[in-house]
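Trainee: give me coordinates for this.
(2 chains)
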Amino acid sequence: MRNSLARILSTIVMFVACATTHAAVETVVGKPAPAFELPVLGSESRHIALESQRGKVVLLDFWASWCGPCRQSFPLYEKLHGELPAQDFTLLAINLDEMADGPAAFLFEHPVSYTSLADPAGDVAKKFGLVGMPTSFVIDRDGIVHSRHTGFKPQDIDALRSEIRGLIAGSTDGRQADAH
Amino acid sequence: MRIKFGTAARVILVSAALLGGCATTPVQPWERGRLARWDMRWDPDPLQTAMREHTHFSKEGSNGEIGAAGGGCGCN
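Mentor: Modelled structure (predicted):
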């Protein structure tokens, strides 16, 4: 009896030692995009709310200066931003650097004309349930998250362009599950 | 030597409490900035490591610790 109890207690010790908390990641795809208002990177007095972009298709790109694939995505997103009409489409980047010196150097190397917002504490990233870097979300004109793209490869841009063009044209077909 | 049940249970419970304090929460994707720094890499400068190893192999290879036996200055 005592031996069994000791074994049970030992097992508890081992499990506790290995304990990690894994919060369930709830997908936001197909749901209204979580509301947020963040300061513009480098201009803390100016804020932009996602709500203010309602009526446009939004590509929300979470990035960081230490993220390798972001170096590939930035030039391609800049091209996409230039191609699509500003009255129908907004590209909002959200920088997640905890240290302030990273983003400026990155943007000097990879200049873009679209706006980056600052979320150093990752509060908005948490709301969107990020599981990797970079992650982008396509949000339709009604503020519903149409798709999530985790990671980035240069060949992804064509599918993303088609998806956004489809949403601008008013098509909600082909709602994707989370793309990785 | 017989260990008393009460003592064993206490040791186990105290260990559980102490080890429980080491339980971690996973690093979130946006919290990897410091981990991604070059000086956090296992081998921050592979070129320097390769040069050091080349010299080390040439000078210390005959000890048999690493690679084939040999000797020399490590200059080629």
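Trainee: what ranges do the strands span in chain A?
Mentor: A:37-40, A:43-49, A:57-63, A:89-95, A:115-118, A:135-139, A:145-150 (DSSP state E).
Trainee: reformat these as a markdown table; add distance to chain B.
Mentor: C-beta coordinates here come from the backbone N, C-alpha and C atoms, glycine included. Below are the strands of chain A laid out as a markdown table (distance: least, CB to the nearest CB, whole Å):
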| stretch | distance to chain B |
| --- | --- |
| strand A:37-40 | 13 |
| strand A:43-49 | 19 |
| strand A:57-63 | 7 |
| strand A:89-95 | 9 |
| strand A:115-118 | 12 |
| strand A:135-139 | 7 |
| strand A:145-150 | 9 |
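Trainee: enumerate the residues of chain B near chain A.
Mentor: Residues of chain B found near chain A (CB under 8 Å from any CB of the partner chain) are B:5, B:8-9, B:12-13, B:15-16, B:19-20, B:22-26, B:28-34, B:36-37.
Trainee: what's the separation between A:Ser73 and chain B?
Mentor: Distance, A:Ser73 to chain B, by CB to the nearest CB, to the nearest Å: 15 Å.
Trainee: in contact with that residue, which residues?
Mentor: By CB atoms under 8 Å, 6 or more residues apart in numbering or on different chains, the residues touching A:Ser73 are A:Asp61, A:Trp63, A:Pro134, A:Ser136, A:Phe152.
Trainee: what's opposite the fourth one in the beta bridge?
Mentor: Right, A:Ser136. A:Ser136 has these beta-bridge partners by DSSP bridges: A:Asp61, A:His149.
Trainee: my guess is it contacts A:His149. True?
Mentor: Yes. At 4.8 Å, A:Ser136 and A:His149 qualify as touching, with contact defined as CB atoms under 8 Å.
Trainee: which residues do those two both contact?
Mentor: A:Leu160.
Trainee: sketch out the low-pLDDT regions of the chain for me.
Mentor: All of this is about chain A. Residue ranges of chain A with pLDDT under 70: A:1-6, A:8-25, A:171-180.
Trainee: hm, I was asking about chain B
Mentor: Along chain B, segments meeting pLDDT under 70 span B:1, B:61-76.
Trainee: stretch A:80-88: how far from the chain's middle?
Mentor: 19 Å (CA atoms, centre = their mean, to the nearest Å).
Trainee: contacts for it next, please.
Mentor: A:56-57, A:59, A:89, A:91, A:112-114, A:157, A:160-161, A:164-165, A:168.
Trainee: and which of these is nearest to B:Pro44?
Mentor: Of all these, the one sitting nearest B:Pro44 is A:Val112; the distance, using CB to CB, is 29.8 Å.
Trainee: residue contacts, the closest residue to the closest one other than its chain neighbours?
Mentor: Sequence neighbours aside, A:Glu78 is the residue nearest to A:Val112 in space, at 4.5 Å (criterion: CB to CB, 6 or more residues apart in numbering or on different chains). Residues near A:Glu78 by CB under 8 Å, 6+ apart: A:Pro111, A:Val112, A:Ser113, A:Tyr114.
Trainee: of those, grab the buried ones for PyMOL.
Mentor: Selection command for PyMOL covering only the buried members of these, criterion 16 or more other CB atoms under 10 Å in any protein chain shown:
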select buried, chain A and resi 112+114
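Trainee: pull the most distant pair out of the contacts of A:Glu78.
Mentor: Based on CB to CB, the longest span within these runs between A:Pro111 and A:Tyr114 and measures 10.5 Å.
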